[in-house]
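[1] Got a predicted structure plus its sequence, pasted below:
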Amino acid sequence: MNDKQKFLEIQNALRDKISLSNSFELSDIKTIAGVDLAYWKNQNQEEYAVCCIVVVDYITHEVIEKKQYSGKIEVPYIPGFLAFRELPLVLKTVEKLECRPDIYMFDGNGYLHPRHMGIASHASFYLNTPSIGVAKTYFRVDNTDYTEPDYIAGSFTDIVINGEVYGRVLRTHDNVKPVFLSAGNNITLDTATKIALNLTDKESHIPIPTRLADLETHEARRILNT
């Protein structure tokens, strides 16, 4: 069995366990962790990546904790199976956290995936924590395009594929590019939307946790790739 066949079996097995219901009360949410990775190649063309996690207070938006972990990428890139490349570094970074976040927000997809197994959904089974995917670019599934929402903050259109809602195109600020939101696991799409909007400030149209994680990965890559 090759890697793709093995990965496919794992995704199909986990897919049946995804829950699109809240496993928590929104009023109990205190901390959200933003997760992102950045890649580079060394002089020998070996691929490396760094994962950065930034934990923020859900109410005050203050940064509580930042951790990172870098290492060599051992899994080749196969479209639709990105989580297998990223998960080892994500879990190593999580091990370094001093607090336990209530929700993980990934710079990437969750349910918005051909088999509903983007990194946000996949990782949740190893983190045992609800998760959300927030992508900056659209991952097209079954050649389905999306409809632009109104250019008003809070407007959205759902991404419906074969009669099923896979994700949501969400406008977080007036007249800016939308983000592509999807539930990861143990959360509803509506709750994920509320959380994403609450965590978006005037600085950017990207929610604070993943925006800060993205900035951290770029700085970490700059330092490590020297």
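    Here it is on my side, so go on.
[2] neighbouring contacts of the longest helix along the chain?
    The longest helix of the chain (DSSP state H) is helix 208-224. Contacts of helix 208-224 from elsewhere in the structure, counted by Cβ atoms under 8 Å, 6 or more residues apart in numbering, are 32-40, 48, 50-56, 61, 63, 66, 68, 70, 105-107, 134, 199-201, 203-204, 206. Any C-beta I mention is one placed from the backbone N, CA and C, and that applies to glycine too.
[3] how distant is it from the center of its chain?
    In this view, helix 208-224 has its centroid 14 Å away from the chain centroid, taken as Cα atoms, centre = their mean, to the nearest Å.
[4] In contact with Glu9, which residues?
    Glu9 touches nothing, counting by Cβ under 8 Å, 6+ apart.
[5] what are the C-alpha coordinates of the helix or strand where it lies, in PDB please?
    Assigned by DSSP states H and E, Glu9 belongs to helix 3-15. Extracted in PDB, the C-alpha atoms of helix 3-15 (Å, rounded to 0.1, in the frame of the first residue of the first chain):
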ATOM      1  CA  ASP A   3       1.300   6.600   1.100                       C
ATOM      2  CA  LYS A   4      -1.800   7.900  -0.700                       C
ATOM      3  CA  GLN A   5      -3.800   4.800  -0.200                       C
ATOM      4  CA  LYS A   6      -2.800   4.600   3.400                       C
ATOM      5  CA  PHE A   7      -3.700   8.300   4.000                       C
ATOM      6  CA  LEU A   8      -7.000   7.800   2.200                       C
ATOM      7  CA  GLU A   9      -8.000   5.000   4.500                       C
ATOM      8  CA  ILE A  10      -7.100   7.100   7.600                       C
ATOM      9  CA  GLN A  11      -9.100  10.100   6.300                       C
ATOM     10  CA  ASN A  12     -12.100   8.000   5.500                       C
ATOM     11  CA  ALA A  13     -12.100   6.400   8.900                       C
ATOM     12  CA  LEU A  14     -11.800   9.800  10.700                       C
ATOM     13  CA  ARG A  15     -14.400  11.500   8.500                       C
END
